[in-house]
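A.B. asks: What would the 3D arrangement of this be:
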Amino acid sequence: MRGSPAPLPNWSTGPEAYRRLKHLYPVYDHKICDKWENIRPMVRDLLDDQQVRFSTIDLVRFCTDAFNSANAILALLDNEGITDVDIEFRESMFRRSAGAELYEPASYPDATRHDIDPLTTALGLPIAAAKTPHIQGTMGFYFKEGDDLYGVTARHVLLPADEDNLDYTYKSSGPRKEVLLMGTKAWDVYLKHVQIQIRNLDITAEIHRVSIERLEGDAEGDSSTAMTAKKELLKTRQRLNSTIDAIDKLQKLYEQTKKDFGKSDQRVIGHVVWSPAITVGRAPQDFTKDVCVVKLDKARFLPNFKGNVIDLGPELEVAEFVYKMYPSTGTDAQCGFDYADERLLKLRDILSEDCMRHPNTKDGNGEKCLYVIKLDLTTFTTIGRATGSFSCAREYFSNQTHLDSIEWAIVPYDNDSGAFSKGGDSGSMIASGTGQFGGIITGGSGKTVSSDITYATPMFWLWPIILAKFPNATLYPVLN
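C.D. replies: Residues are numbered from 1 along each chain as shown. The predicted structure follows:
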């Protein structure tokens with residue numbers, strides 16, 4: 001149902017009508033943004049009074065009970081002097097998206113660049129607890145204190161929900177909660193992916209061989225057709241040589257990684273040292289405190305450690321990536337974004353709350369927009385649109401209780417880009433295009449495993465909590 005004082009548009013109807021597609025957009029230049037921090041809890045309380053079971057309350061653009069609730073919310077907004085707003089309910093469920101040295105991130109022309117990312121020191125490492133290798137998550141970022149190197153992820157990735165939700169601090173006399181690079185499923189998927197890549201290249205090589213055999217016949221003589229065939233023959237031989245070289249590199253990578261990481265105990269990269277109970281902060285900044293700190297085996301990250309860098313990945317070619325970050329050709333483009341050398345975007349600062357709420361960049365339509373980037377094994381490198389008004393999320397438990405929290409929401413780039421995240425992405429770092437730490441993913445909402453909206457805990461709120469426990473920590477680690 002839709003609640004709005006405005007008349008309905010003339011949508012097409014009947015069996016031949018197209019389904020009306022919806023696309024979520026963040027909201028910035030609207031007077032509701034200035035009052036949202038006060039309105040959001042009032043909307044939550046109103047829905048509770050009407051016994052509407054909700055999962056999230058999001059400020060985005062885009063069932064009798066739904067109709068009544070919508071009118072009540074519109075009346076609430078009218079009291080605040082806000083009238084040009086639609087209320088829409090969507091079906092969704094909030095979820096928590098739960099030996100050898102690691103490799104150096106591959107350069108752009110490297111044949112292994114599509115396959116080596118999960119085994120490099122760049123951000124986005126796929127991780128799992130040794131006790132629960134079937135639960136997959138992502139390492140969000142690194143920090144250093146003294147000579148020790150640490151990684152940070154979401155608590156629910158490494159400490160199962162069925163454990164008591166109590167503060168955890170590692171004691172040297174007790175057993176370690178070991179952390180794996182890739183859980184069982186992720187490792188199997190990785191090996192299968194490399195094998196598929198090799199098979200596809202084998203097919204490509206055979207096609208090149210057939211083409212060469214044909215072109216060798218066409219290239220005989222001195223006719224213009226023969227001269228064209230000779231040029232194409234040279235190019236095809238070069239393509240064949242490049243393909244054979246790529247097959248050789250991938251085959252060596254496959255054999256080496258099976259040898260170095262094949263057994264789960266060969267993929268232990270550290271152990272949990274601190275993880276406070278999952279709680280929410282105090283109003284008005286009642287964000288989710290869902291954090292876990294892992295002390296990493298520093299030797300496994302040397303000598304290929306690059307610090308907090310996001311590999312921009314091979315999924316999008318350079319030109320397409322830059323265009324998505326610069327959708328406007330005018331002066332209002334996403335200023336400050338430069339495609340990083342060797343694809344590695346170095347994170348240098350923490351994105352402030354003011355920059356989240358009031359970005360100075362615009363999209364291709366001239367509207368305010370903050371584009372953000374993240375990398376992980378599940379959805380790889382994706383670009384999304386961050387919202388400037390924080391959402392309310394509600395998680396329900398089997399004992400009939402619930403937990404409300406405030407979340408930083410990210411919506412997909414557009415209708416064709418797919419989800420920004422899905423299950424297994426929890427813990428991933430979301431960063432701005434200018435290299436600022438934005439926040440770590442804690443969950444998402446939607447009807448499927450993929451999320452219509454991704455939720456994160458902002459770094460400007462989380463980092464001071466970590467500093468209180470690790471007072472000499474630095475986000476710019478240099479390993480010696």
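A.B. asks: Poorly predicted segments of the stretch 351-480 of the chain, please.
C.D. replies: 446-451, 480 (pLDDT under 70).
A.B. asks: would you list every one of the strands in the stretch 251-400 of the chain?
C.D. replies: Taking DSSP state E, counting those that start in this stretch, the strands of the stretch 251-400 of the chain run over residues 268-275, 279-280, 288-289, 292-296, 309-311, 344-346, 349-350, 370-374, 382-386, 391-396.
A.B. asks: who does the third one pair up with?
C.D. replies: Translated: strand 288-289. Note on strand 288-289: by DSSP bridges, its sheet partners are strand 279-280 (antiparallel).
A.B. asks: ok, and what's touching the partner strand?
C.D. replies: Contact with strand 279-280 is made by 286, 287, 288, 289, 403, 404, 405, 406, as judged by CB atoms under 8 Å, 6 or more residues apart in numbering. All C-beta spots, glycine's among them, are computed from the backbone N, C-alpha and C.
A.B. asks: related to what we said a few turns ago, between the strands of the stretch 251-400 of the chain, which gets nearest to residue 248?
C.D. replies: Closest approach to residue 248 among these (CB to CB): strand 309-311, 23.2 Å.
A.B. asks: Contacts for that closest one, please.
C.D. replies: Contacts for strand 309-311 (CB under 8 Å, 6+ apart): 105, 117, 120, 122-124, 340, 343-347, 373-375, 381, 429, 431.
A.B. asks: Filter those down to just the buried residues.
C.D. replies: Among the contacts of strand 309-311, those classed as buried by 16 or more other CB atoms under 10 Å are 105, 117, 120, 122-124, 343-345, 347, 373-375, 381, 429, 431.
A.B. asks: Run through the neighbouring helices and strands of the host helix or strand of residue 47.
C.D. replies: According to DSSP states H and E, residue 47 maps onto helix 31-49. Under the contact definition 3 or more CB pairs under 8 Å, 6 or more residues apart in numbering; DSSP states H and E, helix 31-49 sits against strand 56-57, helix 64-79, strand 391-396.
A.B. asks: now that helix: how far from the chain's centre is it?
C.D. replies: Centroid separation between helix 31-49 and its chain, computed with CA atoms, centre = their mean, to the nearest Å, is 28 Å.
A.B. asks: likewise stretch 373-387?
C.D. replies: For stretch 373-387, the distance to the chain centre is 3 Å (CA atoms, centre = their mean).
A.B. asks: Can you measure across that stretch, start residue to end residue?
C.D. replies: Stretch 373-387 has an end-to-end distance of 14 Å (CA to CA, to the nearest Å).
A.B. asks: Count the neighbours of residue 266 for me.
C.D. replies: 15 (other CB atoms under 10 Å).
A.B. asks: hang on, isn't it packed against residue 260?
C.D. replies: Yes: counting by CB atoms under 8 Å, residue 266 touches residue 260, with 6.4 Å between them.
A.B. asks: What are the buried residues along stretch 123-136?
C.D. replies: 123, 124, 125, 126, 127, 128, 129, 130, 132, 133, 135, 136.
A.B. asks: and the end-to-end length of it?
C.D. replies: Start-to-end, stretch 123-136 (CA to CA) is 15 Å.
A.B. asks: And that stretch, how far out from the chain middle?
C.D. replies: So, by CA atoms, centre = their mean, the centroid of stretch 123-136 is 16 Å from its chain's centroid.
A.B. asks: thinking residue 185 is in contact with residue 132, fair?
C.D. replies: No: with contacts counted by CB under 8 Å, residue 185 stays clear of residue 132, the gap being 11.7 Å.
A.B. asks: residue ranges with poor pLDDT in the stretch 201-350 of the chain?
C.D. replies: 284, 328-338, 340-341.
A.B. asks: Break down the stretch 301-450 of the chain into its helices, ranges please.
C.D. replies: Along the stretch 301-450 of the chain, counting by DSSP state H, counting those that start in this stretch, helices occupy 318-325, 353-357.
A.B. asks: ok, the helix or strand containing residue 179: who's next to it in the sheet?
C.D. replies: Applying DSSP H and E as the criterion places residue 179 in strand 178-181. Its sheet considered, strand 178-181 pairs with strand 126-129 (antiparallel), strand 268-275 (antiparallel) by DSSP bridges.
A.B. asks: closest to residue 321 out of those?
C.D. replies: Proximity to residue 321 (CB to CB) singles out strand 126-129 among the strands paired with strand 178-181, at 22.0 Å.
A.B. asks: could you give the mean pLDDT of the next helix or strand after that closest one?
C.D. replies: With elements assigned by DSSP H and E, the helix or strand that comes after strand 126-129 is strand 132-138. For strand 132-138, mean pLDDT is 90.
A.B. asks: which strands and helices sit next to the helix or strand just after strand 132-138?
C.D. replies: Downstream of strand 132-138, the next assigned helix or strand under DSSP H and E is strand 141-145. On a contact count with 3+ CB pairs under 8 Å, 6+ apart, strand 141-145 meets strand 148-153.
A.B. asks: Any chance you could list what contacts stretch 253-270?
C.D. replies: Counting by CB under 8 Å, 6+ apart, 99-100, 102, 112, 115-116, 119, 125, 127, 130, 133, 151, 178-182, 184, 187, 190-191, 194-195, 198, 294-297, 300 sit against stretch 253-270.
A.B. asks: Is it possible to mark the buried ones in these?
C.D. replies: Using 16+ other CB under 10 Å as the burial test, those include 102, 112, 115-116, 119, 125, 127, 130, 133, 151, 178-182, 187, 190-191, 194, 198, 294-297, 300 as buried.
A.B. asks: List phi and psi for residue 212.
C.D. replies: Phi and psi for residue 212, reported as degrees, to the nearest 10, are phi -60, psi -40.
A.B. asks: hey, C-alpha coordinates of stretch 155-175 in PDB?
C.D. replies: Extracted in PDB, the C-alpha atoms of stretch 155-175 (Å, rounded to 0.1, in the frame of the first residue of the first chain):
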ATOM      1  CA  ARG A 155      31.500 -10.200  16.100                       C
ATOM      2  CA  HIS A 156      28.700 -12.400  14.700                       C
ATOM      3  CA  VAL A 157      31.100 -13.600  12.000                       C
ATOM      4  CA  LEU A 158      33.500 -15.400  14.500                       C
ATOM      5  CA  LEU A 159      31.400 -15.800  17.700                       C
ATOM      6  CA  PRO A 160      28.300 -17.900  16.900                       C
ATOM      7  CA  ALA A 161      24.900 -16.500  17.900                       C
ATOM      8  CA  ASP A 162      24.200 -19.500  20.100                       C
ATOM      9  CA  GLU A 163      27.100 -18.600  22.400                       C
ATOM     10  CA  ASP A 164      26.400 -16.300  25.400                       C
ATOM     11  CA  ASN A 165      26.400 -12.700  24.300                       C
ATOM     12  CA  LEU A 166      29.100 -11.700  26.800                       C
ATOM     13  CA  ASP A 167      32.300  -9.600  26.600                       C
ATOM     14  CA  TYR A 168      35.200 -11.800  25.400                       C
ATOM     15  CA  THR A 169      38.900 -11.100  26.100                       C
ATOM     16  CA  TYR A 170      41.500 -13.700  25.300                       C
ATOM     17  CA  LYS A 171      43.500 -15.000  28.200                       C
ATOM     18  CA  SER A 172      46.900 -16.600  27.500                       C
ATOM     19  CA  SER A 173      46.100 -19.600  29.800                       C
ATOM     20  CA  GLY A 174      42.900 -20.500  27.800                       C
ATOM     21  CA  PRO A 175      42.200 -22.000  24.400                       C
END
